[in-house]
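Student: fold the following for me, if possible:
(one chain, ligands or ions: 1)
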Amino acid sequence: MSDVRSRFPGLSDGWVRFDGPAGTLPVDTCVDAIADYMRSSAPANVGGVFEASERSGAVVDEARAAVARMVNAQPEQVVFGPSTTNLMFAFTRALARTWEAGDRIVCTQLDHDSNVSPWLQAARDAGAAVEMLEVDPVDGTLDVEPLAKLCADGRVRWVAISGASNLTGHVPDLKRAVEIAKQYGARVLVDGVARVPHLPTDVEALGIDVLSTSPYKWYGPHAGCLIVRNGLLQEIEPYRVRPADYDGPPRWETGTAQIELLAGITAAAEFMLETPIAEEAERETRLLALLQEGLSDISGVTVRGPSVTPDRAPTLVFTVEGHHPDAVAAHLASRRIAVWSGDNYAQELVDAWGLRETGGVVRAGVVRYTTADDVVALLQGVAALTEG
Ligand SMILES: Cc1ncc(COP(=O)(O)O)c(C=O)c1O
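Tutor: Next up, the predicted model:
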């Protein structure tokens, strides 16, 4: 464990970091890869016939191949952009060009708003409609069976569903969701942003059409990726400049790529591939259980979401009676412990829980560099608040 922590220069200030679900610290090889590229003579735009341009082109190709390996896809399926949200707006806007009045999209209350608002706005512009698959209002879990009824008339074009909640870590039954959607001719986009850092995600085995993931959640730089099923990238016409009449991902990547960040993405993906993700998931789940049990034992603390299960991202949310979530986060920050508070953009879930008026929840996430000592520090911090 100490070995892994030594790979994260950002841990040197001694803060206890539970803010991973909002973004992790970059791993050392990622930082080096970005700096090395920037310091080299390679920086140039891609597509030229001179050496620097070819080297930059190779950086882009390597990044596509590395991300593809993480999720069992092909390099030519990987589209890069500044963030998942940015890509989602571009993708849904392009899809909506073929939607008609009467077409429908299904979104879910479990999702981060970047997998809801882009669909809502694209549907509104096309005269289509969005229906919401509801969560259980108590534990916030999502049953996908009602999809069958929603899709039954064959007018649902896309099902947009979370691969793991960014609040509770809950993983809906994706295989079943895909099965139902396919039965009625709908396509499936899975928001993998909170899932890919923690759980095996195989786009082929899941049979999904599109997966999103953001490298800054898995120790890489700030960027987003969409992994799109073969054929679909070519079938949909993106908003693009006329000369960008390329095949495959570059057709979707408007403007010049952040090539230096792609160098960092490759390094971060290689870090992720160093150890089997299922092995890491076991360690992370153990720490999550420790945290969940410890919090549940503190009087006045309510942990929201499902009980700890292996197939879950290691993230949880809680509230502390009599304390606004922002005040809890500020109290913990005064002890040099980083957590997030509010709705964390999981707007629908916080509303379904009826927690908007009271400021939402406090969120803590376990990542590769989290230790049992970190968990103890967080538990002591929360306990100090309820005792004091
Ligand atoms: C589950 C989930 N989906 C999507 C996003 C949006 O990702 P990005 O910040 O790359 O736009 C986030 C960001 O926190 C997230 O947690």
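
Student: how close does residue 232 get to the ligand?
Tutor: From residue 232 across to the ligand, the span is 20 Å (Cβ to the nearest ligand atom, to the nearest Å). In short, each C-beta sits where N, CA and C put it, glycine included.

Student: that residue touches residue 203, doesn't it?
Tutor: No - counting by Cβ atoms under 8 Å, residue 232 stays clear of residue 203, with 11.7 Å between them.

Student: which residue of those two possesses the greater neighbour count?
Tutor: residue 203 (22 against 13; other Cβ atoms under 10 Å).

Student: can you pull the residues of the stretch 151-300 of the chain lying near the ligand?
Tutor: Contacts of the stretch 151-300 of the chain with the ligand, taken as Cβ under 6 Å from any ligand atom, map to 166, 191, 193-194, 214, 224.

Student: nearest residue to residue 17 other than its sequence neighbours?
Tutor: With Cβ to Cβ, 6 or more residues apart in numbering as the criterion, residue 17 has its nearest non-adjacent residue at 5.1 Å, and that residue is residue 338.

Student: likewise for residue 66?
Tutor: Of all residues not flanking residue 66 in the chain, residue 269 sits nearest, at 3.6 Å (Cβ to Cβ, 6+ apart).

Student: check which helix or strand covers the one you found.
Tutor: In this assignment (DSSP states H and E), residue 269 forms part of helix 259-274.

Student: show me the contact partners of that helix.
Tutor: Under the criterion Cβ atoms under 8 Å, 6 or more residues apart in numbering, residues 7, 26-27, 29-34, 36-38, 43, 46, 56, 59-60, 62-63, 66-67, 69-70, 80, 197, 215, 218-223, 225 lie in contact with helix 259-274.

Student: could you measure from the residue in the stretch 251-388 of the chain positioned nearest to the ligand over to residue 262?
Tutor: Distances between the stretch 251-388 of the chain and the ligand by Cβ to the nearest ligand atom are smallest at residue 345, namely 6.2 Å. Look at residue 345 and residue 262: by Cβ to Cβ, to the nearest Å, they are 25 Å apart.

Student: for these two, indicate the residue with more neighbours.
Tutor: residue 262 (26 against 19).

Student: what's the neighbour count on the nearest residue to that one once chain neighbours are set aside?
Tutor: In space, and not counting its chain neighbours, residue 262 is closest to residue 63: 3.9 Å by Cβ to Cβ, 6+ apart. Counted with other Cβ under 10 Å, the neighbours of residue 63 add up to 29.

Student: isn't residue 63 up against residue 80?
Tutor: Yes - the criterion here is Cβ under 8 Å, and residue 63 meets it with residue 80 at 7.0 Å.

Student: do a quick rundown of the strands in the protein.
Tutor: In the chain, the segments counted as strands under DSSP state E are 16-17, 78-81, 104-108, 129-133, 156-162, 187-191, 210-213, 224-228, 301-304, 315-320, 337-338, 340-342, 361-365.

Student: which residues of the stretch 1-150 of the chain lie near the ligand?
Tutor: When proximity is defined by Cβ under 6 Å from any ligand atom, the stretch 1-150 of the chain lies next to the ligand at 22, 83-85, 112, 114.

Student: neighbour count, pLDDT and distance to residue 51 added to these, as a markdown table?
Tutor: Formatted as a markdown table, these follow (neighbours: other Cβ atoms under 10 Å; pLDDT from 0 to 100; distance: Cβ to Cβ, whole Å):
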| residue | neighbour count | pLDDT | distance to residue 51 |
| --- | --- | --- | --- |
| 22 | 16 | 98 | 40 |
| 83 | 17 | 98 | 31 |
| 84 | 26 | 98 | 33 |
| 85 | 20 | 98 | 36 |
| 112 | 26 | 98 | 42 |
| 114 | 23 | 98 | 39 |
